[in-house]
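Asks: the following block contains a protein sequence and its predicted model.
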Amino acid sequence: MHTDRSKARDRISAGALALRLLVALPAVGAAVPVRAGDVRAAVAANFREAASEVGAAFEAATPHSVRYSFGSTGQLYAQIAFGAPFDVFLAADASRPENAIEEGFGVEGTQFTYATGRVVLYSAARGLVSGPEALHEGRFSALAIAEPTVAPYGAAAVETMRRIGAYTSAEGRLVFGLSVAQAFQFVQTGSADLGFVALAQIARRTGGSRWIVPSDFHEPIRQDAVLLERGARNPAARAFLAFLKGSEAEAILDSFGYGRED
Amino acid sequence: MTDASSIWPPVLLTLQLAAASTALLLLVGTPVAWWLARTGTRWKEAVAAVVALPLVLPPTVLGFYLLLALGPGGPGGWLAGLGGSRSLAFSFEGILLGSVIYSMPFVVQPIRNAFEAVGDRPLEVAATLGATPWDAFWTVAVPLARPGFVSGAVLGFAHTIGEFGVVLMIGGNIPGETKVLSIAVYEYVETLQWPLAHLLAGGMLVFSFAVILATMVHQGRAGGRGSA
């Protein structure tokens, strides 16, 4: 298991691998208290900034390391279905982790909600957004959302617009990011006048204008994590999920505006 | 977030990928180019067209087929099963295979042209002097076609460095394994880390210019020598 992971990391350089083996040989037989492992995590785009802080805290608290691959939840799920070598999956919904278990990619009994997310209507310009009326007035030419079929935050955006009766008028002016990260990029750079993004993306940013969508305007964004088959025998992967459940991670998530279930 | 040291793993990985692809491309591309240059069969242009397909196909199309071929349901998945994993996609080997296929026309075409320019005559002379076809290939055809090999290798290397679409489809953006330079630029732009995006993008611009200039200068010299 350990060699498997070291190998994967060192695949960059066969020379480095050979060197590592040479260096490691004399150490064989020496007592190693906790084996450092590597976690490969597939993480929904909205969670990027929080994940990097959780990862730093995890690496400080344990001997393990974590590497992230970010994308939309749907995109990551497709990669997992095609055999991508991830140990854990931090989705932006509950249904993909559920599917992963049903399809045999996820380990039964390991799914839990690590965060509940909030959607924000946001503009990089000041004073453009103060409430849902920003959508009605039609003072914008482009509204960015994440692609609803693969990104739960995009689906919540569509649901919100339907709920306030703005979808039909806005439909022709929608631009789609492949994930909520790209949707945010469109808005933050001013390419799109406004857009629906994740609260976590702007929680620490000042400036612009925002309307935090009431949580009952759409199905709750329950972000679930699940241990994947590939990580089932990786103690570092289980340690990472345990850390994500813990109070240190909770404090970080809280600072990004995420909620916790109960 | 704007830690400049984070640009090195993708750069090193990309160089590694390009070096490995170029070696494989020369290994596989040379016999193909030789056959295309020498054969008289009427299927020749059909084969040449297959090799050239990546010039026209969207990388997403190639990526889609590769994903199926490398994934759990395809031959690549079967092969990966021998090593204990489910898929060859989302691995360094996977993007290496993708890059080799995608850059093949850039290597085969110049080498084929160079072989064709050598013509029959030097090989016939070599044969009358008692050289076996194998000897003639290595001691006559390859040295004479050297400019073609240089162009092919440079273009294959450079094209792999710039590869984006196929890797995006079959790579999975895994740091240290499949997160190559072009994907890193995409991610830096998407996450608004523009200083890092500038660093990589500017570096690529200079690199690409240098490669094209070097190729042109080299071709100009080789051409000059040929007509002299």
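Replies: Ah, there it is.
Asks: how near is residue A:190 to residue A:140?
Replies: 11 Å (Cβ to Cβ, to the nearest Å). Where C-beta positions appear, they are placed from N, C-alpha and C, glycine not excepted.
Asks: and these two? Which one has more around it.
Replies: The neighbour comparison of residue A:190 against residue A:140 (other Cβ atoms under 10 Å in any protein chain shown) goes to residue A:140, with 18 against 11.
Asks: helix, strand, or coil at the residue in chain B that chain A sits nearest to?
Replies: When scored by Cβ to the nearest Cβ, chain B has residue B:87 as its residue closest to chain A, at 2.4 Å. Secondary structure, DSSP: H, G, I helix; E, B strand; the rest coil: residue B:87 is coil.
Asks: I'd say it and residue B:79 touch.
Replies: No - checked against Cβ atoms under 8 Å, the pair residue B:87 and residue B:79 is beyond contact range at 9.7 Å.
Asks: comparing these two, which residue is more hemmed in?
Replies: residue B:87 (27 against 14).
Asks: where's the closest residue to that one other than its chain neighbours, which helix or strand?
Replies: Residue nearest to residue B:87 in three dimensions, not counting chain neighbours: residue A:83, with 2.4 Å by Cβ to Cβ, 6 or more residues apart in numbering or on different chains. Residue A:83 belongs to no helix or strand when elements are defined using DSSP states H and E.
Asks: okay, now residue A:83: neighbour count?
Replies: 27.
Asks: just residue A:248 next, same as before
Replies: Counted with other Cβ under 10 Å, residue A:248 comes out at 14.
Asks: count of neighbours near residue 35?
Replies: By default, I'm working from chain A. 12.
Asks: please refer instead to chain B.
Replies: 16.
Asks: now do residue B:183
Replies: 22.
Asks: now residue A:63
Replies: 13.
Asks: what about it, which SS state?
Replies: When classified by three-state DSSP, residue A:63 comes out as coil.
Asks: chain neighbours aside, what residue packs nearest to it?
Replies: residue A:36 (4.0 Å).
Asks: surely that neighbour touches residue A:59?
Replies: No - if you go by Cβ under 8 Å, residue A:36 and residue A:59 don't touch, sitting 9.8 Å apart.
Asks: now list whatever residues contact both of these two.
Replies: Counting by Cβ atoms under 8 Å, 6 or more residues apart in numbering or on different chains, the common neighbours of residue A:36 and residue A:59 are residue A:65.
Asks: just the buried residues of the host helix or strand of residue A:89, please?
Replies: Taking DSSP H and E as the criterion, the element that holds residue A:89 is strand A:88-90. For strand A:88-90, burial by neighbour count (16 or more other Cβ atoms under 10 Å in any protein chain shown) applies to A:88-90.
Asks: what is the burial count for residue 146?
Replies: Here I'm looking at chain A. 35.
Asks: switch to chain B, that's the one I care about
Replies: Residue B:146: 11 neighbours (other Cβ under 10 Å).
Asks: contacting residues around it?
Replies: residue B:114.
Asks: got a pLDDT number for it?
Replies: Note on residue B:146: pLDDT of 94.
Asks: now it: how far from residue A:139?
Replies: From residue B:146 over to residue A:139 the distance is 64 Å, taken as Cβ to Cβ.
Asks: so what's the residue of chain A found nearest chain B up against?
Replies: Taking Cβ to the nearest Cβ, chain B has its nearest neighbour within chain A at residue A:83, 2.4 Å off. Residues near residue A:83 by Cβ under 8 Å, 6+ apart: B:71-72, B:77, B:80, B:85-87, B:89-90.
Asks: swap in residue B:122?
Replies: So residue B:122 contacts B:140-141, B:144 (Cβ under 8 Å, 6+ apart).
Asks: next one: residue B:22
Replies: B:107, B:153, B:156-157, B:160.
Asks: try it again with 10 Å
Replies: Residues near residue B:22 by Cβ atoms under 10 Å, 6 or more residues apart in numbering or on different chains: B:29, B:99-100, B:103, B:107, B:152-161.
Asks: need the max-distance pair from those.
Replies: Farthest-apart pair in those is B:29 and B:161; separation 17.2 Å (Cβ to Cβ).
Asks: who's more crowded, those two?
Replies: residue B:29 (27 against 23).
Asks: give me the spatial nearest neighbour of the more buried one, chain neighbours excluded.
Replies: Residue B:29's closest residue in space is residue B:107 (Cβ to Cβ, 6+ apart), at 4.1 Å.
Asks: which residues in the stretch 151-262 of chain A form strands?
Replies: Secondary structure of the stretch 151-262 of chain A (DSSP state E, counting those that start in this stretch): strands at A:174-177, A:194-198, A:209-212, A:221-227.
Asks: need those strands in JSON lines (columns: mean pLDDT, mean neighbour count and distance to residue A:162).
Replies: Formatted as JSON lines, the strands of the stretch 151-262 of chain A follow (pLDDT from 0 to 100; neighbours: other Cβ atoms under 10 Å in any protein chain shown; distance: least, Cβ to Cβ, whole Å):
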{"stretch": "strand A:174-177", "mean pLDDT": "95", "mean neighbour count": "19", "distance to residue A:162": "13"}
{"stretch": "strand A:194-198", "mean pLDDT": "97", "mean neighbour count": "29", "distance to residue A:162": "12"}
{"stretch": "strand A:209-212", "mean pLDDT": "96", "mean neighbour count": "17", "distance to residue A:162": "16"}
{"stretch": "strand A:221-227", "mean pLDDT": "98", "mean neighbour count": "24", "distance to residue A:162": "16"}
